[in-house]
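>>> Provided below are the primary sequence and the corresponding predicted coordinates.
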Amino acid sequence: MSGGAEAEFRGRVHTAVLAWYAVAGRDLPWRHPDCSPWGVYVSEIMAQQTPIARILAPWQSWMGRWPTPADLAAASRGDVLRAWGRLGYPRRAVNLHAAAKAMVEHHAGQVPEDPAALRALPGVGDYTVAAVASFAFGNPLPVLDTNVRRVLARIAIGEAQAAPTPTRGERDLAAAWLPDDCADANRWNVASMELGALVCTARTPQCATCPVRDLCRWRTAGHPAYAGVRKRPQGYAGTDREVRGRILALVRDDDAPHPRADFDPCADQARVDKLLIALIADGLLEHSRDGYHLPR
DNA sequence: CATACGTGGCG
DNA sequence: TCGCCAAGTAT
């Protein structure tokens, strides 16, 4: 009863966004009806913290080389890391490899459909569970990525952006905003993400062409500036992350073991020593008598 | 709960 | 130039 008006509002937004997506949604390969759950899974791991444009080519070659979990499971970690290339956060590649092995070992070589089984795979958090469940299996769990969080913050709450990290309130909101119809709910998941990626963007939102420009509470409130806590910028220059990246770039370039001296230009000696140890512990590097190299 | 974790592009 | 941002996860 009290939610009647709100349900009406949601319905109008759903209708507009779903219609927009039908004509404006991108033709991404993992959205094709014949794409396997494994293809969806790989796309979701690659897309974590990474612009979609950057993963298109790597996804294609990855799926050509390792079309099933068993194919990837049979590869060496070094080959997997080399194929990951410069996508960033290479532990995602290590986790993807380990997840493929787990699928072979425990799930008959398939991407598991059960959300709890998905969540148990390395590198799979709340977002990826919902994304794979919804996009690969048609099980409409509420997908709450950075796009949906921003879209809901603006349209439903009237704020310019979401909190630094997902809150309980946002999870409840996302669940409440899922359409009742199963097929619509799955479409809403991808369509609201797409709206955030193409129109309701963080930097310069395209409100003039937005399908819900007359409904959005942020816009109708006059685009008020964000008043909440901002997330601290990450920084990169001079961090361990940068030095790790330089070290990995060296060992990724060729198969030959690298003597310790090769890493001298990366940072001061103590720091390089510390990071080499950390990289080995992370499974991203190996050390043999001949030198340092990607895991074999 | 705050922080570490790669990389590149855009305003 | 440089800060911000990009389909997050693990600790």
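Here it is on my side, so go on.
>>> what's the nearest residue to A:Gln161 if we skip its chain neighbours?
Nearest non-adjacent residue to A:Gln161, counting by CB to CB, 6 or more residues apart in numbering: A:Tyr226, 4.9 Å away. The C-beta positions use only the backbone N, C-alpha and C, and glycine is treated the same way.
>>> and the one you found, how many residues sit next to it?
A:Tyr226: 13 surrounding residues under other CB atoms under 10 Å.
>>> same question for the one 5 residues further on.
Per other CB under 10 Å, the neighbour tally for A:Lys231 reads 11.
>>> tell me if stretch A:80-98 is near DNA strand B.
Yes: counting by CB under 7 Å from any atom of the strand, DNA strand B is contacted by stretch A:80-98 at A:Arg86, A:Leu87, A:Gly88, A:Tyr89, A:Pro90, A:Arg91.
>>> related to what we said a few turns ago, for A:Glu170, see how far away the residue nearest to A:Gln161 is.
Using CB to CB, to the nearest Å, one gets 15 Å for the distance from A:Tyr226 to A:Glu170.
>>> with A:Leu121 instead?
The gap separating A:Leu121 from A:Glu170 is 24 Å, by CB to CB.
>>> A:Val272 now?
With distances taken as CB to CB, A:Val272 is found 41 Å from A:Glu170.
>>> wait, the residue nearest to A:Gln161 sits on A:Ala163?
No: A:Tyr226 is beyond contact range of A:Ala163, at 9.8 Å (criterion: CB atoms under 8 Å).
>>> for the residue in the stretch 51-200 of chain A that DNA strand C sits nearest to, which non-adjacent residue is closest in space?
Closest to DNA strand C within the stretch 51-200 of chain A is A:Gly125: 2.6 Å, counting by CB to the nearest atom of the strand. Excluding the flanking residues, the one nearest A:Gly125 by CB to CB, 6+ apart is A:Arg119, at 7.6 Å.
>>> ok, now A:Gly39?
With sequence-adjacent residues excluded and distances taken as CB to CB, 6+ apart, A:Gly39 is closest to A:Trp30, at 5.1 Å.
>>> residue contacts, the one you found?
By CB atoms under 8 Å, 6 or more residues apart in numbering, the contact set of A:Trp30 is A:Gly39, A:Val40, A:Val42, A:Ser43, A:Trp59, A:Phe135.
>>> what residues are up against the nearest residue to A:Asp262 once chain neighbours are set aside?
In this structure, A:Asp262 finds its nearest non-sequential neighbour in A:Leu250, 6.0 Å apart by CB to CB, 6+ apart. Contacts for A:Leu250 (CB under 8 Å, 6+ apart) come out as A:His258, A:Asp262, A:Phe263, A:Cys266.
>>> am I right that A:Leu250 is in a helix?
Yes: residue state for A:Leu250 (DSSP: H, G, I helix; E, B strand; the rest coil) corresponds to a helix.
>>> and it, how close does it get to A:Val94?
Distance, A:Leu250 to A:Val94, by CB to CB: 18 Å.
>>> can you tell if the helix or strand where A:Asn189 lies touches DNA strand B?
For A:Asn189, the element it lies in under DSSP states H and E is helix A:182-198. No: under the criterion of CB under 7 Å from any atom of the strand, DNA strand B is not reached by helix A:182-198; the shortest gap measures 13.1 Å.
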